[in-house]
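Enquirer: Below is the structure, and that's it, no one-letter string:
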């Protein structure tokens, strides 16, 4: 069964939705079937329905990235307006 770190819960509240810890935990737990499948395939992220990304280390949710993170990261690391691909890792 997947495990959620306290850091991931804090980042969900900070970056995705300002709810209490119990609600953030419940929302992440709703993605456990997807997290389990991602682990089977060796994936390191799961995209939630709201666009937030759960970052995994094995079957542990270690942090949460907001929906907009990918685009902002691509802009920050781009050269001449084109991403070098580092934001996709």
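Expert: Looks like it arrived, so ask away. In this text, all values refer to a predicted model and were calculated from it rather than measured experimentally.
Enquirer: going forward, measure contacts between C-alpha atoms and count neighbours the same way
Expert: Fine.
Enquirer: Name the nearest residue to residue 44, ignoring sequence neighbours.
Expert: residue 56 (4.8 Å; CA to CA, 6 or more residues apart in numbering).
Enquirer: Can you tell me the strand partners of whichever helix or strand that neighbour is part of and which way each runs?
Expert: Residue 56 is located in strand 53-57, with elements delineated by DSSP states H and E. Partner strands for strand 53-57, per DSSP bridges, with pairing direction: strand 45-47 (antiparallel), strand 60-65 (antiparallel).
Enquirer: want to throw these into CSV with distance to residue 23, mean neighbour count and mean pLDDT?
Expert: Formatted as CSV, the strands paired with strand 53-57 follow (distance: least, CA to CA, whole Å; neighbours: other CA atoms under 10 Å; pLDDT from 0 to 100):
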stretch, distance to residue 23, mean neighbour count, mean pLDDT
strand 45-47, 18, 20, 94
strand 60-65, 15, 21, 95
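Enquirer: With distance to residue 22 added, can I get these in TSV?
Expert: Formatted as TSV, the strands paired with strand 53-57 follow (distance: least, CA to CA, whole Å):
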stretch	distance to residue 22
strand 45-47	20
strand 60-65	16
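Enquirer: Residue 17: which of these is closest?
Expert: Among those, the nearest to residue 17 by CA to CA is strand 60-65 (11.0 Å).
Enquirer: got the contact list for that closest one?
Expert: When contacts are defined by CA atoms under 8 Å, 6 or more residues apart in numbering, strand 60-65 is touched by residues 2-5, 7-9, 11-12, 15-16, 52-56.
Enquirer: let's see it at 7 Å
Expert: 2-5, 7-8, 11-12, 15, 52-56 (CA atoms under 7 Å, 6 or more residues apart in numbering).
Enquirer: to the chain's geometric centre, what's the distance from the strand holding residue 56?
Expert: Centroid separation between strand 53-57 and its chain, computed with CA atoms, centre = their mean, to the nearest Å, is 4 Å.
Enquirer: Fine, thanks again, bye for now.
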